[in-house]
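S.K.: what follows is a protein structure lacking sequence information:
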């Protein structure tokens, strides 16, 4: 699944390109993004014009979601307890088609429109092409999965040296990135295996999703502690295959 912020999500071409590739996505949008109801129809206008036009006016995302009921959703547990916010969602058709009058756009594909209201008062808005029967909790979890991706990227750079490549070829860069991803996947496997061996209720950090790959559960076996619990760069880059 592809996740993007409001800067990329506002681009209709970006969303269309992902859909054409058969990818699911959830992207941030601006509160003034124009959308139509899912029941919008194209009808012949009055007069002599032959082109079809929508039978309803587009509305701002913020206005559409303002009238919907909001439900508190918890998507995962963090170090300070459950991570939750209020969400509302509805099916819409985004106004990102061809321009037809007064800079208004025809309706595009039908997607999910999701609003998030945080306890701090901040509001966020998203679009997603997940299936129509997707639950609100699944929508929220998919949207919030972006944090997991960003955390993985941060750990790849800080713990495994993803940003330490100094070569000049694409082949060398790809090999370097591949080796760091393989090392990351192996360390994650060791960390999760240590949590499973500890059993439910024995690991206070289990399920929090915030432990770094270099810090396994405190109750893990000595083998996992020796292999994973090292401050930074748990496995020196010299132990990896030579880079091109």
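M.R.: Alright, I've got the coordinates. On a predicted model such as this, the values are computed, not experimentally measured, just so you know.

S.K.: the lengthiest strand in the chain packs against which elements?
M.R.: Identified as the longest strand of the chain according to DSSP state E is strand 81-94. Counting contacts by 3 or more CB pairs under 8 Å, 6 or more residues apart in numbering; DSSP states H and E, strand 81-94 packs against strand 34-37, helix 61-66, strand 71-78, strand 110-117, helix 136-160. (Glycine included, C-beta is placed from N, CA and C.)

S.K.: mind listing what's buried along it?
M.R.: Neighbour-count burial for strand 81-94 flags 83-89, 92-94 (criterion: 16 or more other CB atoms under 10 Å).

S.K.: of all those residues, which two lie farthest apart?
M.R.: Pairwise distances across the buried residues of strand 81-94 (CB to CB) peak at 30.8 Å, for the pair 83 and 93.

S.K.: and which of the buried residues of strand 81-94 is nearest residue 146?
M.R.: residue 83 (12.9 Å).

S.K.: what residues does the closest one make contact with?
M.R.: The contact partners of residue 83, by CB atoms under 8 Å, 6 or more residues apart in numbering, come to 74-77, 144.

S.K.: which single one of those residues is nearest to residue 106?
M.R.: Using CB to CB, the contacts of residue 83 come closest to residue 106 at residue 144, 31.8 Å.

S.K.: tell me the one among the contacts of residue 83 nearest to residue 32.
M.R.: Top of the list for closeness to residue 32, among the contacts of residue 83 and by CB to CB, is residue 144 at 23.5 Å.

S.K.: can you check the pLDDT for that closest one?
M.R.: Residue 144 is assigned a pLDDT of 87 by the prediction.

S.K.: what's the closest non-adjacent residue to it?
M.R.: residue 75 (4.7 Å; CB to CB, 6 or more residues apart in numbering).

S.K.: export the buried residues of strand 81-94 as JSON lines, with columns for pLDDT and distance to residue 64.
M.R.: Converted to JSON lines, the buried residues of strand 81-94 look like this (pLDDT from 0 to 100; distance: CB to CB, whole Å):
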{"residue": "83", "pLDDT": "85", "distance to residue 64": "25"}
{"residue": "84", "pLDDT": "91", "distance to residue 64": "23"}
{"residue": "85", "pLDDT": "94", "distance to residue 64": "18"}
{"residue": "86", "pLDDT": "96", "distance to residue 64": "16"}
{"residue": "87", "pLDDT": "96", "distance to residue 64": "14"}
{"residue": "88", "pLDDT": "96", "distance to residue 64": "9"}
{"residue": "89", "pLDDT": "96", "distance to residue 64": "11"}
{"residue": "92", "pLDDT": "96", "distance to residue 64": "7"}
{"residue": "93", "pLDDT": "95", "distance to residue 64": "11"}
{"residue": "94", "pLDDT": "93", "distance to residue 64": "11"}
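
S.K.: and the protein, what are its domain boundaries?
M.R.: The record's domain parsing of the chain by automatic domain parsing lists 2-144, 161-239.

S.K.: ok, of those, where does mean pLDDT dip lowest?
M.R.: The minimum mean pLDDT among the domains of the chain belongs to domain 161-239 (a mean of 64).
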